[in-house]
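Q: here's a sequence, model it:
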Amino acid sequence: MTHANLPGPDHLERLFDGMADPLMILAPDWTVLFVNAVSAANMGRERAEILGRKLSDLFPEAEHAEAFAHMRRALA
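A: This next block holds a predicted model:
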């Protein structure tokens, strides 16, 4: 497959939005780069409210939860 045949960003966004599972892509600084429709719905927020924000700003009460500790280690 040549580079010209690779799917573009629009194709990937449609693919991710078609997933039944939540998906969120974070930058190393915890900024949300992408969130699919299922994840946004699970969070009870519009995608525009989520994109570009840090995960800790979206969930300040959960920053000290065990799940965040696991994610911090995974992103380190």
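
Q: low-confidence stretches in this protein?
A: Scanning the chain with the threshold set as pLDDT under 70 gives 1-9.

Q: rerun at 50
A: 1 (pLDDT under 50).

Q: so residue 22 makes contact with residue 37?
A: No - with contact defined as CB atoms under 8 Å, residue 22 does not reach residue 37; the gap is 9.1 Å. Heads up, the C-betas are built off the backbone N, CA and C, glycines and all.

Q: just the helices in this structure please.
A: Taking DSSP state H, the helices of the chain run over residues 9-17, 37-43, 47-50, 55-58, 66-75.

Q: from those, which stretch is densest packed?
A: Mean neighbour count (mean count of other CB atoms under 10 Å) peaks for helix 37-43 among the helices of the chain, with a mean of 16.

Q: list the contacts of the spatially most central residue of the chain.
A: The geometric centre of the chain, computed from its C-alpha atoms, lies nearest to residue 24 (CA atoms, centre = their mean), at 1.7 Å. By CB atoms under 8 Å, 6 or more residues apart in numbering, residue 24 lies in contact with 32, 34, 35, 36, 39, 55.

Q: assess the claim that the third one and residue 47 are in contact.
A: In other words, residue 35. Yes - using CB under 8 Å, residue 35 is in contact with residue 47, at 5.8 Å.

Q: other residues contacting stretch 57-68?
A: 32, 43, 45, 50, 56.

Q: got the contact list for the third one?
A: For residue 45, the set of contacting residues under the criterion of CB under 8 Å, 6+ apart consists of residue 58.

Q: ok, the last one next?
A: The contact partners of residue 56, taken as CB under 8 Å, 6+ apart, are 30, 63, 68.

Q: adding distance to residue 15, write those out as a markdown table.
A: Shown next, in a markdown table, are these (distance: CB to CB, whole Å):
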| residue | distance to residue 15 |
| --- | --- |
| 30 | 24 |
| 63 | 31 |
| 68 | 28 |
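
Q: and which of those is nearest to residue 76?
A: Of all these, residue 30 has the smallest distance to residue 76: 11.6 Å, by CB to CB.
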